[in-house]
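Novice: sharing a model prediction with you, sequence too.
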2 protein chains.
Amino acid sequence: MKLLLIGGSDAGISAGLIAKELAPHTQVDMLLLDEFPNYSICGIPFFLSGEVPDVHNLAHRTAKDIEDAGIHVHVNHTAVAIHPDRHEVIAVTPDGKERVFSYDRLVIGTGAVPIKPALPGIDYPGVFLVHSMDDSLAIHQFLQTHRPEHAVIVGAGYIGLEMADALRHRQMGVTLVEKGLSVHPTIDRDWGHHLGQYLVEQGINLHVDTEITAIQQDGARLIVKGTAKFHTSTDMVIVVVGVKPNTALAQQTGIRTGMFNAIEVNPYMETNLPDIYAAGDCVLTHHQLLKRLTYLPLGTTAHKQGRIAGAHAVGHAIPFKGSLGTQVVKVFDWAVARTGLSDAEAQTAGYSPLSVTLKNWDHKIYYPGATPLWVRMTGDRHTGALLGTQIMGHWQGEVAKRIDIIATALYQQLSVADLMDLDLSYTPPLSSPWDPVQMAAHSWISAHRPSGS
Amino acid sequence: MKLLLIGGSDAGISAGLIAKELAPHTQVDMLLLDEFPNYSICGIPFFLSGEVPDVHNLAHRTAKDIEDAGIHVHVNHTAVAIHPDRHEVIAVTPDGKERVFSYDRLVIGTGAVPIKPALPGIDYPGVFLVHSMDDSLAIHQFLQTHRPEHAVIVGAGYIGLEMADALRHRQMGVTLVEKGLSVHPTIDRDWGHHLGQYLVEQGINLHVDTEITAIQQDGARLIVKGTAKFHTSTDMVIVVVGVKPNTALAQQTGIRTGMFNAIEVNPYMETNLPDIYAAGDCVLTHHQLLKRLTYLPLGTTAHKQGRIAGAHAVGHAIPFKGSLGTQVVKVFDWAVARTGLSDAEAQTAGYSPLSVTLKNWDHKIYYPGATPLWVRMTGDRHTGALLGTQIMGHWQGEVAKRIDIIATALYQQLSVADLMDLDLSYTPPLSSPWDPVQMAAHSWISAHRPSGS
């Protein structure tokens, strides 16, 4: 059995590893666009901040680990054509020649590429996108060579927030520009305002409701112009306005795609073409609560989907159960996390949401170091079902794993009331007898109760 | 409606608060043995360590908060008799008189008392039990007045471990003596050894497999003798060898008790006598996995049971779903947590357990500050059901809330394989794309898979 992987990031490597684990005699070949198999692209901001001194540390596994696991890695091989009828992939090798790889099963894990807005000046030196290892090395090189003192970051989503933190860590001045009305558009707007205020306290020059319209050269510097009379001189510009699935190859092969041109797959990650799977940031993902396909490119999901594709390719059928959009980001000393649906998302999806917000402490206030924790919980008025939760607080306040309690509850479609029954751990330095997520559930239940009953 | 509460700790206060919330016109009276309503007895070690400077900070709520919630607190009132037929409780007031309290519904929340071993010398000055606020104040007084330089702690369960940490925090010499073969008897023995080694590194003089046989006076000092030729001179002795339910009053009233003389209750916390409830450390608790009654005195459970008793007393039936024995303790910089069943407990209960242990990192190793995390996961060989997990690591490595992911999964009887489907949060400073609990699940699945398949 020959398993061929196009792409060597989370989805591809996961597919290869599980295939070798379940069916050790499988021949697994991986075509890699660059020289960085299984790198943690989520780690790039921490490399650029200087917190991770050596870029090679970003590898989840070394090339040797991967070869030892029995996966043949072909670096600098660009897949240019898939022939489903002949079960072949054509790749261009580092010396510019074409080479044919035959397969019994193929997993497409081509990931996503950053959205490059049609912005005058976006190709000037000193203007960067952030996604691939090559992008990352280019920025690193620029930071080392030019010693910039100031950057404009365009886009205040996850990567924009992490890059703002990273460049402040380097003592640089940072101007963060967001088109929307608040930073971190996947949390509720009032929380985005709250987080934005915190960023300002960390020395970030923040402009929301501002769209960049042009970048101009001014000697060695760049002039960045935008709506709301935005006009700034800077040393570098980082554009992080989202990603889109990298599916040109799949599309030219006749593989069916849906919204955003992401690949459509069934629960076993099979595409419409026989023996061809796709997984990770290039596919549409089933959402457990929306009960429909969404585009939610996340490393956690890519790992799961790769595992499912690889297992199915060697005869083990484990269906993908879907995503809840669980996410956490650390920005300076805060962590901001979410899972499931926000109030607005639940409304749009046809639920009847009720949301409550509770500010509490991450642990008993009498024990030193207690920090505030905000929990916003959303449930359905009619059914009492838990729909989603957002949590914000100090990153060492167990924000991330508290959101995971909720993600685990959502997986089982628990009600908000069920949360009160959970036997969660407690010691004064780490929680309260009712965990803050249970206190929020209690508030929700009180708010939901018909008055007078 | 008159609701009477005997006891003002976790169970009693929870019963009173929910009754007032659900039925505001209820008259709620609380009989309190001492002057400390709703104090966090779990916080006592942190008061004695000096980390909590003022004992009043240990109150979950102030007396005023409780009165404001509409609960009448009668301090220094000792309930001495219950007359179920007349729906009356007799209490001795601070001035030594008897006073009759009538009730429509009664909640017994008399808690537990420390086990006082029949040890020669246990009543000497300088020898202490740790449970009530009075115990706590007596120890504090002794620490302040005598400035002891060394203590012997008898018992290395939760409180013994926390007290060892607390007294080291005061720069005292600590000898910790445990009858069993390892410290922390509710985790597996090899982990207990591991933790014991860590305690030694923190300067604790540790003696396991040693039973104290006598305490003698030697001028202002105490001589402590035990098996294995244990013989030590010290300034004070703290005896923390467990608790037992405080149910003399209930028993003399004809309320049915079971093992350890703990009160038997139904899922609504009703005793065998009409209109009399019991909750907290004085009752037997249904265990979700053992599917039988156990004695598991924990603050978290007491809060839940009190809430259920109080709600039912005013006409809201919410059954108690049972405990999983979820616990966490912080000892120096480590947290040790467990939920569900250990391998040995599962074996005894008739399951066919398989356990795997995985050492990993709390977050991506490339991000600064990663600390080791040990996860031991137990599942059933036949059904694949998740049975329990133990986690040990740095207390800021989200040990506590990771065990809560497992507790939440156990609530609905997930399989180990289901854990791989959970959409858990990830960012490099806080986890990995597969959370360590999922990596442990993966190891379990691999170990469980028939070889060759």
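Specialist: Received the coordinates, thanks. Numbering: from 1, shown residues only, chains lettered A, B, ... in the order given.
Novice: ok, how many other residues are close to A:His312?
Specialist: 25 (other C-beta atoms under 10 Å in any protein chain shown). Heads up, the C-betas are built off the backbone N, CA and C, glycines and all.
Novice: nope, A:Leu181 is what I meant
Specialist: For A:Leu181, using other C-beta under 10 Å, the count is 12.
Novice: so it, which of the three states?
Specialist: With DSSP: H, G, I helix; E, B strand; the rest coil as the basis, A:Leu181 sits in coil.
Novice: in the stretch 1-150 of chain A, what residue is nearest chain B?
Specialist: A:Asn57 (4.0 Å; C-beta to the nearest C-beta).
Novice: for A:Ile153, see how far away that residue is.
Specialist: Separation of A:Asn57 from A:Ile153 (C-beta to C-beta, to the nearest Å) stands at 24 Å.
Novice: swap in A:His312?
Specialist: 40 Å.
Novice: low pLDDT regions in chain A?
Specialist: Within chain A, the segments meeting pLDDT under 70 span A:451-453.
Novice: can you pull out the helices in the stretch 51-200 of chain A?
Specialist: A:63-68, A:133-146, A:158-169, A:189-201 (DSSP state H, counting those that start in this stretch).
Novice: what segments of the stretch 301-450 of chain A are helices?
Specialist: Counting by DSSP H, counting those that start in this stretch, the helices of the stretch 301-450 of chain A are A:343-348, A:399-411, A:436-448.
Novice: what would these look like in a markdown table with distance to chain B and mean neighbour count?
Specialist: Compiled in a markdown table, the helices of the stretch 301-450 of chain A are given as follows (distance: least, C-beta to the nearest C-beta, whole Å; neighbours: other C-beta atoms under 10 Å in any protein chain shown):
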| stretch | distance to chain B | mean neighbour count |
| --- | --- | --- |
| helix A:343-348 | 15 | 17 |
| helix A:399-411 | 3 | 28 |
| helix A:436-448 | 7 | 21 |
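Novice: what is the burial count for the residue of the stretch 1-150 of chain A closest to chain B?
Specialist: For A:Asn57, using other C-beta under 10 Å, the count is 16.
Novice: got the phi and psi for the closest residue to it other than its chain neighbours?
Specialist: Closest residue to A:Asn57 apart from its sequence neighbours, by C-beta to C-beta, 6 or more residues apart in numbering or on different chains: B:Tyr366 at 4.0 Å. Reported as degrees, to the nearest 10, the phi and psi values for B:Tyr366 are phi -70, psi -20.
Novice: tell me the contacts of B:Tyr366?
Specialist: By C-beta atoms under 8 Å, 6 or more residues apart in numbering or on different chains, the contact set of B:Tyr366 is A:Ser40, A:Gly43, A:Phe46, A:Val52, A:Asn57, A:Leu58, B:Pro428.
Novice: quick check: residues of the stretch 51-200 of chain A near chain B?
Specialist: A:Glu51, A:Val52, A:Asn57, A:Leu58, A:His60 (C-beta under 8 Å from any C-beta of the partner chain).
Novice: can you get me a residue count around the first one?
Specialist: Spelled out, it's A:Glu51. Neighbours of A:Glu51 (other C-beta under 10 Å): 19.
Novice: same deal with the second one?
Specialist: Close neighbours of A:Val52, defined as other C-beta under 10 Å, add up to 22.
Novice: and for A:Gln413?
Specialist: Neighbours around A:Gln413, by other C-beta under 10 Å: 13.
Novice: for A:Arg147, same thing?
Specialist: For A:Arg147, using other C-beta under 10 Å, the count is 10.
Novice: can you check A:Asp190 too?
Specialist: 11.
Novice: go on, A:Thr110?
Specialist: 26.
Novice: that one and A:Thr253 touch, don't they?
Specialist: No. In this structure A:Thr110 lies outside contact range of A:Thr253 using C-beta atoms under 8 Å: 11.3 Å.
Novice: residue nearest the middle of chain A, spatially speaking?
Specialist: With distances taken as C-alpha atoms, centre = their mean, A:Leu298 lies nearest the centre of chain A, 3.6 Å away.
Novice: excluding its backbone neighbours, what's nearest that one?
Specialist: A:Gln327 (6.7 Å).
Novice: re earlier: dump the contacts of B:Tyr366 to CSV, plus distance to B:Tyr103.
Specialist: As requested, the contacts of B:Tyr366 are exported to CSV (distance: C-beta to C-beta, whole Å):
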residue, distance to B:Tyr103
A:Ser40, 62
A:Gly43, 62
A:Phe46, 61
A:Val52, 64
A:Asn57, 66
A:Leu58, 66
B:Pro428, 57
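Novice: which of these sit farthest apart?
Specialist: A:Asn57 and B:Pro428 (10.7 Å; C-beta to C-beta).
Novice: excluding residues flanking it in the chain, which one is nearest A:Met259?
Specialist: A:Tyr295 is the one closest to A:Met259 (C-beta to C-beta, 6+ apart), at 6.3 Å.
Novice: do A:Gln251 as well
Specialist: A:Thr257 (5.9 Å).
Novice: quick one: contacts for the residue nearest to the centre of chain A?
Specialist: Applying C-beta under 8 Å, 6+ apart, the residues contacting A:Leu298 are A:Asp281, A:Ser323, A:Gly325, A:Gln327, B:Tyr426.
Novice: what's the spacing between it and B:Asp423?
Specialist: Taking C-beta to C-beta, one finds A:Leu298 at 9 Å from B:Asp423.
Novice: okay, and the common contacts of the two?
Specialist: A:Ser323, A:Gly325.
Novice: touching, A:Thr93 and A:Asn76? I think so.
Specialist: Yes. Counting by C-beta under 8 Å, A:Thr93 touches A:Asn76, with 7.4 Å between them.
Novice: tabulate the helices of the stretch 301-450 of chain A in a markdown table, adding columns for distance to B:Thr26.
Specialist: A markdown table is the format used below for these (distance: least, C-beta to C-beta, whole Å):
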| stretch | distance to B:Thr26 |
| --- | --- |
| helix A:343-348 | 33 |
| helix A:399-411 | 31 |
| helix A:436-448 | 16 |
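Novice: next to chain B, which bits of the stretch 351-453 of chain A? Give me the list.
Specialist: Near chain B, when you scan the stretch 351-453 of chain A using C-beta under 8 Å from any C-beta, you find A:364-368, A:395-396, A:398, A:400-405, A:407-409, A:411-412, A:414, A:417-418, A:420-431, A:433-435, A:446.
Novice: name the surrounding residues that touch stretch A:43-51.
Specialist: A:52, A:55, A:58, A:130, A:133, A:135-136, A:139-140, A:143, A:159, A:162-163, A:165-167, A:169-170, B:364, B:366-368, B:428-429.
Novice: centre of the chain to that stretch, how far?
Specialist: 16 Å (C-alpha atoms, centre = their mean, to the nearest Å).
Novice: could I get the CA-only coordinates of that stretch as CSV?
Specialist: Output of stretch A:43-51 as CSV, limited to C-alpha atoms (Å, rounded to 0.1, in the frame of the first residue of the first chain):
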residue,chain,number,x,y,z
GLY,A,43,4.9,29.2,17.1
ILE,A,44,6.1,31.8,14.6
PRO,A,45,5.2,34.8,16.7
PHE,A,46,7.2,33.4,19.6
PHE,A,47,10.2,33.0,17.3
LEU,A,48,9.9,36.5,16.0
SER,A,49,9.6,37.9,19.6
GLY,A,50,12.9,36.3,20.4
GLU,A,51,11.4,34.0,23.0
